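1. build the 3D model from these lines:
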Amino acid sequence: VVPITIFCAGYNVKMLGDFEEFQEALDGMHMQWWQCDCRPKENAVRDWVWRLLYDHILAGPFEQKSRSFRIFRAISVTLTIMGTAVTVAATSKDLVNYEKI
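-> Alright, predicted model coming up:
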């Protein structure tokens, strides 16, 4: 009986080699967000809306985001939590009387 690790050793070496090649290819690429290509050039209102939605792309990881972006994100998170709470409450067996339906 041959242990399965003997058969997997060659596969493991091949996977590590492929991963290193893939990592080197990724390190050489400069990736840009597709949203940056769609940024409006002339309209001030469209540019304000674009900055409202995508300010996190322009700011670095430790830079402070704009006030409007932070407010928009807080409202978005609050509405998501409220929607989840309403869904849980509406589907709870304690709150819904199925016999009346």
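
2. which strand or helix spans residue 74?
-> In the assignment (DSSP states H and E), residue 74 maps to helix 67-91.

3. tell me the helices and strands packed up against that helix.
-> For helix 67-91, the packing partners by 3 or more CB pairs under 8 Å, 6 or more residues apart in numbering; DSSP states H and E come out as helix 44-58. Just so you know, the C-beta spots here come from the backbone N, C-alpha and C atoms, and that holds for glycine as well.

4. what does the helix it packs on contact?
-> Residues from elsewhere that reach helix 44-58, judged by CB atoms under 8 Å, 6 or more residues apart in numbering: 33, 35, 36, 38, 39, 40, 65, 66, 68, 69, 72.

5. show me which of these are buried.
-> residue 69 (16 or more other CB atoms under 10 Å).

6. tabulate the contacts of helix 44-58 (TSV), appending pLDDT and distance to residue 80.
-> Output for the contacts of helix 44-58, formatted as TSV (pLDDT from 0 to 100; distance: CB to CB, whole Å):
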residue	pLDDT	distance to residue 80
33	78	23
35	81	21
36	81	26
38	83	25
39	84	26
40	85	27
65	85	18
66	85	21
68	88	19
69	88	16
72	92	13
